[in-house]
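*Asks:* Coordinates for the following, if possible.
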Amino acid sequence: MEGKQELPRRWFLRVAVGGITSAVLAGQSAMARARGESLPQTGAPRLAVASRTIKIGMSAAFTGTAAALGTELYRGAQAYYDEINDRGGIHGRPISVAVLDDRYEPLPCVMNTLRLLEEEGVFLLSGYVGTPTLTRALPFIKQYAQEHDEDLAVVGVFTGAQPQREPPYGEYVFNIRASYRQEMMALVDQFWRAGAREFGVFYQIDAYGRSGTDGVARGLARRGATIAAEATYARGARFEDDMSLAVKTLREGRVDVVLCTGVYQGCGAFIRSARDLGWNVPISNLSFVGSEALLGLLTEHGRKTGRDYTRAIINSQVVPSYDDLTLPGVREYRALMDKNNPAIPHSLRDPSYTPRSYSFISLEGFINAKVIVEGLRRAGPHLTRHGFRQGLESLHGFDLGIGAPLSFGASRHQGLDSVYFTHVENERWVPITDWKAAVSA
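*Replies:* Sure, this is the predicted structure:
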């Protein structure tokens, strides 16, 4: 009887997933034809473990207002995969990445995930960008793993949100970076020590923005304080947008500092509007913002207007500075970025974005790739998803060459906890050594 009850549920899932995927892929094909492009061929075997190639699936933002995020994350990871492939691969198997653009939008990310799992036959998922996208895909990832009775793993995602760190999805995701909660609570701690008492928040009005704001609230609650004022913006905002209303709201709240949870264009627009209105309060951003892209927008606009928009801007990071050549992992990252200079597939390039030689995001992608490769090595030559999971969970005190060892375990699926702080000097992000000087406007 149990088996008879299970069949309709499985059948319904297949019909629903297949119908949605077919409709979306048809739409994608039509758009691609209109642009004179072609989509990658599908129909790869479902059991990637039987393939000679280890295929990794990635859905991320490569076009639109968040194009820098997916582009740089992919480039950093690919720099390391290229090197591994040049050395013969993992147990003789090369690594390939099936990469799809979701424009930092939830529905395309879900459709891409279904395509990667059902048609591309990827072995694992990695390099997803963003909370509003990944959180929508997680139920489908969980369902797929349960339907196939497999240890499907998502490793190294560019989001510090909580859903992939907690039940019912935490068992499927191996987070490498520290969480947004950790970043925000650390920022609150540092600003509090520097004398701030009234905290304002500016955030993208979605799951990502709420996740960062929750971290601020938790950090303040430990000190018996609450958020003094808040303002929001809609995902997809551009640098040219007027954020004066948000600035007015927070300014009237008489806040000492503004903690932002957003992406480089929206947060850049807020900073530009604040400084143009003569409000020089310290403003911080999370690692996800895209620090180099943000700095590029602010400095370029500053040259046009004759103003400095970068003073008292502080960003938290979850990887060390890519200029810290005392770290062997950073030296390796820079050498392989220079050597391989990885480019994203032509069909995914956004003409409005120029890739950076080095960035915090590509360094994070590079670190993600190193962790994945080590997990694959430990899984052995007879690769299975279960063996890969065991390989990852066997990483205890693993030296990435960045001054912070990584550790996973059966009950620990976050490898690193470090948070770093940076500000701008001479149009470059540098580590903060003096907080009082960094927050002075």
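
*Asks:* Do I have it right that residue 250 meets residue 229?
*Replies:* Yes - with contact defined as CB atoms under 8 Å, residue 250 counts as touching residue 229 (5.1 Å). (Glycine included, C-beta is placed from N, CA and C.)

*Asks:* which neighbours do these two share?
*Replies:* residue 200 (CB atoms under 8 Å, 6 or more residues apart in numbering).

*Asks:* what about these two, which has more around it?
*Replies:* Neighbour totals were compared for residue 250 and residue 229, and residue 250 leads with 24 against 17 (other CB atoms under 10 Å).

*Asks:* which stretch of helix or strand covers that one?
*Replies:* helix 244-252 (DSSP states H and E).

*Asks:* packing partners for that helix?
*Replies:* strand 199-204, strand 229-233, helix 264-276 (3 or more CB pairs under 8 Å, 6 or more residues apart in numbering; DSSP states H and E).

*Asks:* Can you tell me which of these is nearest to residue 60?
*Replies:* Checking those against residue 60 by CB to CB gives helix 264-276 as the closest, at 14.9 Å.

*Asks:* what does that closest one rub up against?
*Replies:* Contacts of helix 264-276 (CB under 8 Å, 6+ apart): 65-66, 68, 202, 204, 233, 235, 237-244, 246-247, 258, 260, 262, 280-281, 283, 285, 289-291, 293-294, 297-298, 301, 307, 309, 313.

*Asks:* And the helices in this structure, which stretches?
*Replies:* All helices of the chain, identified by DSSP state H, fall at 2-34, 67-86, 106-118, 131-148, 180-193, 207-221, 244-252, 264-276, 291-305, 328-340, 360-379, 385-393, 435-438.

*Asks:* centre of the chain versus the shortest one, how much separation?
*Replies:* Translated: helix 435-438. Distance, stretch centre to chain centre, for helix 435-438: 28 Å (CA atoms, centre = their mean, to the nearest Å).

*Asks:* tell me the average confidence for it?
*Replies:* For helix 435-438, mean pLDDT rounds to 90.

*Asks:* Same question for the fifth one.
*Replies:* Across helix 180-193, the average pLDDT comes to 98.

*Asks:* Just the CA atoms of it, as CSV, please.
*Replies:* Extracted C-alpha coordinates of helix 180-193, given in CSV (Å, rounded to 0.1, in the frame of the first residue of the first chain):
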residue,chain,number,x,y,z
TYR,A,180,25.4,37.4,7.1
ARG,A,181,24.4,37.1,10.7
GLN,A,182,28.0,36.8,11.7
GLU,A,183,29.0,39.7,9.4
MET,A,184,26.4,42.1,10.7
MET,A,185,26.9,41.2,14.3
ALA,A,186,30.6,41.8,13.9
LEU,A,187,29.9,45.2,12.2
VAL,A,188,27.5,46.2,15.0
ASP,A,189,30.2,45.2,17.5
GLN,A,190,32.9,47.3,15.8
PHE,A,191,30.7,50.4,15.3
TRP,A,192,29.5,50.1,18.9
ARG,A,193,33.1,50.1,20.1
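
*Asks:* Now do it against helix 131-148, angle only.
*Replies:* With axes from the mean of the first three to the mean of the last three CA atoms, to 10 degrees defining the directions, helix 180-193 sits at 150 degrees from helix 131-148.

*Asks:* Show me which residues of helix 180-193 are buried.
*Replies:* 180, 181, 182, 183, 184, 185, 186, 187, 188, 190, 191, 192 (16 or more other CB atoms under 10 Å).

*Asks:* quick one on the thing from earlier: tilt between the helix holding residue 250 and helix 264-276?
*Replies:* With the same axes, to 10 degrees as the basis, helix 244-252 and helix 264-276 are set at 60 degrees to each other.

*Asks:* distance between helix 244-252 and the chain's centre?
*Replies:* Distance of helix 244-252 from its chain centroid, counting by CA atoms, centre = their mean, is 28 Å.

*Asks:* Domain parsing of this structure, as residue ranges.
*Replies:* Per automatic domain parsing, the structural domains of the chain span 1-33, 40-177+326-393, 180-317+420-438.

*Asks:* TSV please, covering those domains and showing distance to residue 412.
*Replies:* Shown next, in TSV, are these (distance: least, CB to CB, whole Å):
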stretch	distance to residue 412
domain 1-33	31
domain 40-177+326-393	8
domain 180-317+420-438	14
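
*Asks:* so which of those comes closest to residue 408?
*Replies:* domain 40-177+326-393 (5.2 Å).

*Asks:* avg pLDDT for that closest one?
*Replies:* pLDDT averaged over domain 40-177+326-393 gives 94.

*Asks:* residue closest to the middle of this protein?
*Replies:* In the chain, the centroid-proximal residue (CA atoms, centre = their mean) is residue 158; its distance is 1.7 Å.

*Asks:* Report the separation between that one and residue 351.
*Replies:* 22 Å (CB to CB, to the nearest Å).

*Asks:* Kindly provide the distance from the nearest residue to residue 333 once chain neighbours are set aside to residue 85.
*Replies:* Distances taken as CB to CB, 6 or more residues apart in numbering place residue 366 nearest to residue 333, at 4.7 Å, with adjacent residues excluded. Noted for residue 366: a distance of 15 Å to residue 85, by CB to CB.

*Asks:* picking up where we left off before, give the buried subset of the contacts of helix 264-276 as a ChimeraX selection command.
*Replies:* ChimeraX command restricting these to the buried ones, with burial defined by 16+ other CB under 10 Å:
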select :65,66,68,202,204,233,235,237,239,241,243,244,246,247,258,260,262,281,283,285,289,290,291,293,294,297,298,301,309,313
